[in-house]
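In: I would like to see how this sequence folds:
(one chain, ligands or ions: 1)
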Amino acid sequence: MKETHEKLQKGILKPSENLELKIKKIEENEGKIHAFINIYLEEARKRAEELDKKEKKGKLYGLVIAVKDNIAVKGMKMTCASKMLENYLPPYNASVIEKIIEEDGIIIGKTNMDEFACGSDTTHSAFQTTRNPTDLNKVPGGSSGGSAAAVKAGFCDLALGSDTGGSIRCPASFCKTFGFKPSYGSISRYGLADMAMSLDQIGVFSEDVYGIQLLFNIIKGDDARDAVTTTQKQSTTKNKVAIVKEFFENCDKKIEESVREKIKKLNAEEISIPSLKYALPTYYLLVYSEFASTMQKYDGLKYGSKGKPGDLTETVSSARSENFGLEVKRRILLGTYITSKDYREAWYVTTLKARSAIKSEIEEKLKEYDYLLGPTMPMEAWNIGEKGEPTQMYAADILTVPINIAGLSAISIPLKNGGLQVIASQGDDDKLLKFAEGLEK
Ligand code: GLN
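Out: Below you'll find the predicted structure:
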C-alpha cells in the first residue's frame, strides 16, 4: 500500500483512478468473497472526483478505506451484521471517521462481521458468510472478517476493524495480512457500537506496516468524547524481548516453526506467564457480563427493528427474539445470569479478581521486556461450517484475549504458517509499530 500512497501524494495516481482500480477488483471478486454488507460506489466516485480537483492533499489523500459495520459513518447504514439494526442509519460520524474524511480518505463501504462482533470466523453475520480470499473454502477469521478480506482481496487500501478479544488479529492471521490492535484508550471509540466497554478497541488492517502507521497516526489520541483516551507513552527501549512458553501449548506445529524461524535472530528469552491459563474463561465471563448490559438498549422502541404490536413486554421480547441471532442471545442470557444477585459473587466478582491477577502478571513481564512474542492464533483458518460448537470457536481465541484483558498493544504479522503476534505495554503503540517495521523487512 506504500506505493499507492506515494503515487497519490506525488500526483502520479489520481484518487478516481485509485478508486476505479479497487472497483474493478470488487466487480471481479466480491461476488465470491462477500466482504461488504453495503457498498457505496456512487458516493465514493463523487468524493474521488472532488478530491481529484483538490490542490492541498491530506495525509490519506485518495486512499480507499473500508469500515467494519459497527463503526458509524453518517449516511451509510450501520447494521452490526444484525437484523436488529438492518435499517439503522447513523446520524453522525465516529471520531475516527471524521479524522479520515478530514485527511481526504475515501470510504467505500461497510464490511461484514460476526453479529455485534461475537465470533471468530464471520459466519455469525445475519446476512452472509465472508470467504477467505486466500482460500474460498476457508473462513476469513473474525469478527472483523470482512475488513481483513477486503484488504487482502485488494478491494481497498486500508480497513478499520474492532478488537475486543482478537477480532482484528485473528482475521489478519487467517487472511495473511497485517492487523493492529492498539492499546486500550489509544483510539477514540466514539461511534463504535460497543461489545464489551472495558475491552473494545478500534484498529487497522493493511498489507504493510507502513499503512498501519499511516492510519493509526491520524486516528490515535485524546478525544473529549471518549473519556478513556490517552496519548502515547514515550518509553525508552530495554532491548529485551521474550517469547512466552504458554503460547505454544496446543499450537499447530507448523505455526510454531514459522514463529520461531521468524524471530530466531532476536535472542528472545523464553519466559512463563502461568496465569495465562485463566485468560480464556476470564475473558468470556467478562464479555458476557458487559455485553448483556450494553445490549439492553436494543428494545425495538428507541433502538432497533420493531417487535410485534402488543403490550410492552410482548413487543420488546418479540423484537429481541426475532432480531438477535443465536450467539448473541446466548451471551445475553449467560451475562444476565452471572451478574444476577445470587451468582454475582461466585462468577462476576471472581472474574474481576482473575482479570487483575492476569493483568498484573503480564505487566510485570513488560517492565522487564519491551515485547512479548508468540503466535497470533494456534491454528490456520478452518473450513466454513467446521466449528459448530460455541466452545470450539471460543477456544481459538486463547492467544489473543490476554492482550485485551490487560489493555495492551499487539500486532499480527503474517508468516508462511499463521501469524506472529508482537505485544507491547499499554501506550507503547508507536514503539511497537517501529519494531514491527523492522520485522517486516
Ligand atoms: N472471538 C472473540 C469473541 O467472540 C472476540 C471478538 C471480538 O474481538 N470482537 O468474543
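In: going forward, measure contacts and count neighbours with C-alpha atoms only.
Out: OK.
In: So which bits of stretch 38-48 are buried?
Out: Of the residues in stretch 38-48, those scored as buried under the neighbour-count criterion (16 or more other Cα atoms under 10 Å) are 38-39, 44-45, 47-48.
In: same deal with stretch 336-356?
Out: Along stretch 336-356, these residues count as buried under the neighbour rule (16+ other Cα under 10 Å): 336-339, 344, 347-348, 351, 354-355.
In: and this structure, which of its residues are near the ligand?
Out: Selection of the chain residues close to the ligand by Cα under 6 Å from any ligand atom yields 117-120, 143, 163-167, 397.
In: Return the set of buried residues in the helix or strand of the chain with the lowest mean pLDDT.
Out: Per-element confidence for the chain was summarised using mean pLDDT, DSSP states H and E. The lowest value among helices and strands belongs to helix 390-395, with a mean of 92. With burial defined by 16+ other Cα under 10 Å, the residues of helix 390-395 counted as buried are Tyr394.
In: what does stretch 428-441 give?
Out: Neighbour counts using 16+ other Cα under 10 Å place 428-433, 436 of stretch 428-441 among the buried residues.
In: Can you tell me which of those end up in strands?
Out: Within those, membership in strands is found for no residue, as judged by DSSP state E.
In: could you dump those to TSV with pLDDT?
Out: Shown next, in TSV, are those (pLDDT from 0 to 100):
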residue	pLDDT
Asp428	97
Asp429	97
Asp430	97
Lys431	97
Leu432	97
Leu433	98
Ala436	98
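In: want to throw those residues into a markdown table with distance to Arg331?
Out: Formatted as a markdown table, the buried residues of stretch 428-441 follow (distance: Cα to Cα, whole Å):
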| residue | distance to Arg331 |
| --- | --- |
| Asp428 | 32 |
| Asp429 | 31 |
| Asp430 | 35 |
| Lys431 | 36 |
| Leu432 | 33 |
| Leu433 | 34 |
| Ala436 | 35 |
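In: where does this protein have low pLDDT?
Out: Counting by pLDDT under 70, the chain contains no low-confidence segment.
In: Filter the buried residues of stretch 336-356 down to just the ones in helices.
Out: 336-338, 351, 354-355 (DSSP state H).
In: how close does Thr350 get to the ligand?
Out: Going from Thr350 to the ligand by Cα to the nearest ligand atom, to the nearest Å gives 19 Å.
In: show me the contacts for that residue.
Out: Residues in contact with Thr350, defined by Cα atoms under 8 Å, 6 or more residues apart in numbering, are absent; none qualify.
In: In helices, which of the buried residues of stretch 38-48 appear?
Out: Assignment to helices by DSSP H places the following of the buried residues of stretch 38-48 there: 44-45, 47-48.
In: Please identify which of those residues is nearest to the ligand.
Out: Lowest distance from the ligand to these (Cα to the nearest ligand atom) belongs to Ala44, with 27.4 Å.
In: Phi, psi for the closest residue to the closest one other than its chain neighbours please.
Out: Spatially, and ignoring its direct neighbours in sequence, Ala44 is nearest to Ile108 (5.7 Å; Cα to Cα, 6 or more residues apart in numbering). Ile108 has phi and psi values of phi -100, psi -20 when expressed as degrees, to the nearest 10.
In: Give the buried residues for stretch 80-87.
Out: Applying a neighbour-count criterion of 16+ other Cα under 10 Å, one finds 80-86 buried in stretch 80-87.
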